[in-house]
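[1] 3D, please:
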Amino acid sequence: MTQTTLQNRPIKTKSVSHRAESAVPRTSARVTAQPRLRLTRLALLTLIFLAAFAVNLALGSVNIPLKDVIVTLLGGEPERATWARIILMIRLPTALTATLAGAALAVSGLMMQTFFRNPLAGPFVIGISSGASLGVALVVLTGGATLLATAGLGGTIGVALAASVGAGVVMVLVLIVARRVESSMTLLIIGVMIGFATSAVVSILMYFSRPEQITTYIRWGFGSFGGVSWQTMPVFSAVIAMGLLLALGTGKSLNALLLGETYATSMGLNVTRARLAIIVSSALLAGAVTAFCGPIGFIGLAVPHLCRGLFNTSDHRVLLPACVLMGGLVALIADIVAAMPGNMEFSLPLNAITALLGAPVVIWVILRGNSMGRSFG
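    Next up, the predicted model:
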């Protein structure tokens with residue numbers, strides 16, 4: 001009986017060893033397939049984004065065939081000469097603005113969610129949007145627009161300048177606090193308090209303003225991608241490009257911060273430097289969009305979760321470029337929906353459209369509950 005048991009043991013060991021050896025190729029094949037699947041999805045997302053960009057140029061108060069849109073973009077002449085002017089002078093700047101703004105908000109939201117380890121954080125959580133809104137309110141609601149117009153800075157340029165100054169002041173305050181405070185949660189609370197304080201000042205200004213001034217301010221708060229012309233596009237695109245390049249360089253730092261600042265420090269990360277880079281990048285992106293397009297919500301909150309679900313990863317080296325494409329795509333779709341009434345002088349409020357698109361995503365995030373732990377340590 002003892003001899004039989006001894007004879008059977010090698011057979012059992014061999015069987016386990018055989019199963020282990022057969023499992024190794026499956027695991028390695030699965031790991032190898034994941035990057036290919038992500039590349040495939042990234043390529044598919046790029047194609048969908050390009051299609052949405054072309055549709056955005058084709059639809060509006062005057063519907064233009066896609067064939068003529070492509071011919072015009074390639075330097076040819078469309079069937080009607082007026083279509084070329086509509087595409088190149090009106091719709092192309094708007095589509096480029098939507099693409100840049102959507103990418104900026106999505107990347108900024110992704111960085112804030114990781115930095116604060118909060119799935120419901122957004123690009124405006126540190127008060128940048130509130131500072132920009134206060135700057136615009138001081139110009140629009142107090143008669144400052146007249147002074148700017150006298151100085152040759154009237155209209156959209158004056159409003160963008162006021163918003164940039166307001167956002168810049170808040171960014172400087174946040175950077176000063178970030179150097180003195182070690183806890184990210186404390187920084188989050190201070191950012192929220194700055195938002196409440198600036199909102200209170202805006203409410204007081206609105207109380208003493210004339211109805212037409214309040215209407216102008218509310219219209220700015222609706223958000224729009226149509227306020228950037230070819231004259232202001234170089235400034236807008238340069239700031240967005242600067243912020244995106246800085247953000248793409250923080251991928252490894254964001255991956256380390258997923259498990260907390262203590263773990264990131266043990267991995268050799270300079271947390272103070274990484275924190276400043278993340279805040280500056282996010283502030284540049286959110287501030288530029290708010291200054292030129294108004295306080296556009298939900299894109300920066302919803303798009304990062306869409307990308308995590310689509311690519312099934314928390315690696316920011318994948319999520320950052322994915323958010324650039326997905327953010328641009330969602331912004332283009334929102335702009336198409338907002339222009340559906342088909343009237344050049346009337347379009348739906350952009351913030352209402354982004355909320356309708358983003359709210360279901362946020363609800364989905366909340367209902368997922370415990371599954372968020374994988375993405376936020």
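[2] only C-alpha atoms for contact and neighbour calcs from this point on.
    Fine.
[3] contacts for stretch 298-311, please.
    38, 41, 102, 105-110, 120-123, 314, 319, 322-323, 326-327, 330-331, 354-355, 358-359, 361-362, 365 (CA atoms under 8 Å, 6 or more residues apart in numbering).
[4] measure how far that stretch is from the centre of its chain, please.
    Its chain's C-alpha centre and that of stretch 298-311 lie 9 Å apart, by CA atoms, centre = their mean, to the nearest Å.
[5] export it to PDB, keeping only CA atoms.
    Listed next in PDB are the C-alpha coordinates belonging to stretch 298-311 (Å, rounded to 0.1, in the frame of the first residue of the first chain):
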ATOM      1  CA  PHE A 298     -19.300  67.800 -17.000                       C
ATOM      2  CA  ILE A 299     -16.800  67.000 -19.900                       C
ATOM      3  CA  GLY A 300     -13.900  67.000 -17.400                       C
ATOM      4  CA  LEU A 301     -15.900  64.900 -15.000                       C
ATOM      5  CA  ALA A 302     -17.400  62.300 -17.300                       C
ATOM      6  CA  VAL A 303     -14.800  61.700 -20.000                       C
ATOM      7  CA  PRO A 304     -12.100  60.200 -17.700                       C
ATOM      8  CA  HIS A 305     -14.500  57.500 -16.500                       C
ATOM      9  CA  LEU A 306     -15.500  56.800 -20.100                       C
ATOM     10  CA  CYS A 307     -11.900  56.200 -21.000                       C
ATOM     11  CA  ARG A 308     -11.200  54.000 -17.900                       C
ATOM     12  CA  GLY A 309     -14.200  51.900 -18.900                       C
ATOM     13  CA  LEU A 310     -13.300  51.700 -22.600                       C
ATOM     14  CA  PHE A 311      -9.600  50.900 -22.100                       C
END
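[6] still on that earlier bit, buried subset of the contacts of stretch 298-311 as a ChimeraX selection?
    Here is the ChimeraX command that picks out the buried ones among the contacts of stretch 298-311, judged by 16 or more other CA atoms under 10 Å:
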select :38,102,105,106,107,108,109,110,120,121,122,123,314,319,322,323,326,327,330,331,354,355,358,359,361,362,365
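[7] just checking, next helix/strand downstream of the lowest-mean-pLDDT helix or strand in the chain?
    Of all helical and strand segments in the chain, the minimum by mean pLDDT, DSSP states H and E falls on helix 144-150, at a mean of 57. Later in the chain than helix 144-150, the nearest helix or strand by DSSP states H and E is helix 155-180.
[8] quick one: mean pLDDT over that following helix.
    Averaged over helix 155-180, pLDDT sits at 82.
[9] and it, what's buried?
    Result for helix 155-180 [16+ other CA under 10 Å]: buried residues 156-168, 170-171, 174-175, 178.
[10] run the chain-centre distance for it.
    On CA atoms, centre = their mean, the centre of helix 155-180 falls 18 Å from that of its chain.
[11] remind me what it packs against, helices and strands.
    Packing contacts for helix 155-180, counted by 3 or more CA pairs under 8 Å, 6 or more residues apart in numbering; DSSP states H and E, involve helix 128-140, helix 144-150, helix 184-207, helix 271-293.
[12] I figured residue 105 hits residue 283, correct?
    No. If you go by CA atoms under 8 Å, residue 105 and residue 283 don't touch, sitting 10.1 Å apart.
[13] identify the contacts common to the two.
    Joint contacts of residue 105 and residue 283 (CA under 8 Å, 6+ apart) are residue 123.
[14] what's the angle from the helix or strand encompassing residue 109 to helix 271-293?
    For residue 109, the element it lies in under DSSP H and E is helix 92-116. Calculated by axes from the mean of the first three to the mean of the last three CA atoms, to 10 degrees, helix 92-116 forms an angle of 150 degrees with helix 271-293.
[15] mean confidence for helix 92-116?
    94.
[16] now stretch 62-76
    pLDDT averaged over stretch 62-76 gives 90.
[17] in the host helix or strand of residue 304, what counts as buried?
    Taking DSSP H and E as the definition, residue 304 sits inside helix 299-311. The neighbour-count check on helix 299-311 (16+ other CA under 10 Å) flags 299, 300, 301, 302, 303, 304, 305, 306, 307, 308, 311 as buried.
[18] now swap in stretch 189-205 and tell me
    Buried residues in stretch 189-205 (16+ other CA under 10 Å): 190, 191, 192, 194, 195, 198, 199, 202, 205.
[19] over to stretch 42-55?
    Buried, per 16+ other CA under 10 Å, within stretch 42-55: 42, 45, 46, 49, 52, 53, 54, 55.
[20] follow-up on the earlier one: what angle do the helix holding residue 304 and helix 92-116 make?
    Using the same axes, to 10 degrees: helix 299-311 against helix 92-116 is 80 degrees.
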